[in-house]
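> predicted model and sequence below, questions to follow.
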Amino acid sequence: MVLNKKDFIEIEFTAKVKNGEVFDSNIKEDLKKSNLNIEPKPVIFPLGEGMFLKGVDDFLIGKEIGKYEIELSPENAFGNRNSKLVQIIPSRVFREQKVNPMPGAMFNFDGRVAKILSVSGGRIIADFNNPIAGKTVVYKINVSRKVDDEREKAKSFMNFLFRRDFDFEINDKKITIKAEKDFVKFLELFKDKFKEILGLEMEVVEEEKKDSKDKSPEAS
C-alpha cells in the first residue's frame, strides 16, 4: 500500500542526533533509557501537511507501511545555527520575573525558548536557536498503519491544532463540534483547514452548560 499526501498514518518513532543522544520519541522503552520526561502517546497525522518534521514527511510520501531509518542533514531537519539568534538579554528582564539566570538553563521569552549561555554582570547571553539546529539527525520510524476511520482522523487533527478534545459528530461530510462559548469563534477560524485536510464542512455549536448545583425543593 503506497502512502500518498494527505493520508493519515500512525507511527512509532525515535529521533536522535547522529552518533549522539535521543531527543524525541513516543516509544516508552526508548524514553526511559534516555531519561526523557515525555509521555509516550500515539502519533497520528496526515502526510505532507506540516504536522510532522518536513524531512520525514517528504521521505514517507510514496513509501509503504513498514520500518525506515531516515538520516536528515541540518537543512532538512531543524536548520543551521544562526548567529543572529544568540542575543544579549538585560538582567532586569530576569529580575522583573524574579528568576535567577544560570548557564544551561532554559527560559521562555514570549513564546521563544532560549538557552542561557553565560551570565556576566548585567549581560546575559541567550541562544534562541533550536537545540538541535546545525546537527544531522536520525529518525527510526515504524509506520504501523494507515488510518481510515473519519472519527479517529478528526480527533487526532483537533488534538494537534488545539491540544485538547472536543465532543463532535460527523454526518454527511459535515463535522459538528461542541465547544464552550469562549472557544466557538476561535474554532471557526479553522473551517478552511478542516475542509482542506479532512474534506469536512465544519460547524461549531455552543455547548450547553451543566448546572452543577443540586436543586433541592425549598422547605415549606
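Received, thanks. Numbering: from 1, shown residues only.

> going forward, measure contacts between C-alpha atoms and count neighbours the same way
OK.

> tally of neighbours for residue 122?
Other residues near residue 122 number 11, with proximity taken as other CA atoms under 10 Å.

> swap in residue 198?
21.

> and the pLDDT for the residue nearest to the spatial centre of the chain?
Nearest residue to the geometric centre of the chain (CA atoms, centre = their mean): residue 160, 6.1 Å. Residue 160 carries a pLDDT value of 93.

> ok, the residue lying closest to residue 77 once chain neighbours are set aside - contacts?
For residue 77, ignoring the flanking residues on the chain, the nearest one in space by CA to CA, 6 or more residues apart in numbering is residue 55 at 6.0 Å. Shown in contact with residue 55 (CA atoms under 8 Å, 6 or more residues apart in numbering): 72, 76-77.

> closest one to residue 132 out of the residues you listed, please.
Distance to residue 132, by CA to CA, is smallest for residue 77 among those, at 8.5 Å.

> tell me the buried residues in the top helix by length along the chain?
In the chain, assigned by DSSP state H, the helix with the most residues is helix 150-162. Buried residues in helix 150-162, counted by 16 or more other CA atoms under 10 Å: 153-157.

> hey, where'd the helices end up in this protein?
Using DSSP H, helices in the chain cover 28-33, 54-60, 91-96, 150-162, 181-188, 191-198.

> could you tell me the least trusted of the ones you listed?
Of all the helices of the chain, mean pLDDT reaches its minimum on helix 91-96 (a mean of 85).

> C-alpha coordinates for that one, PDB please?
Extracted in PDB, the C-alpha atoms of helix 91-96 (Å, rounded to 0.1, in the frame of the first residue of the first chain):
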ATOM      1  CA  SER A  91      19.400  41.300  33.600                       C
ATOM      2  CA  ARG A  92      16.400  43.400  34.500                       C
ATOM      3  CA  VAL A  93      14.200  41.100  32.400                       C
ATOM      4  CA  PHE A  94      15.000  38.300  34.800                       C
ATOM      5  CA  ARG A  95      14.800  40.500  37.900                       C
ATOM      6  CA  GLU A  96      11.300  41.600  36.900                       C
END
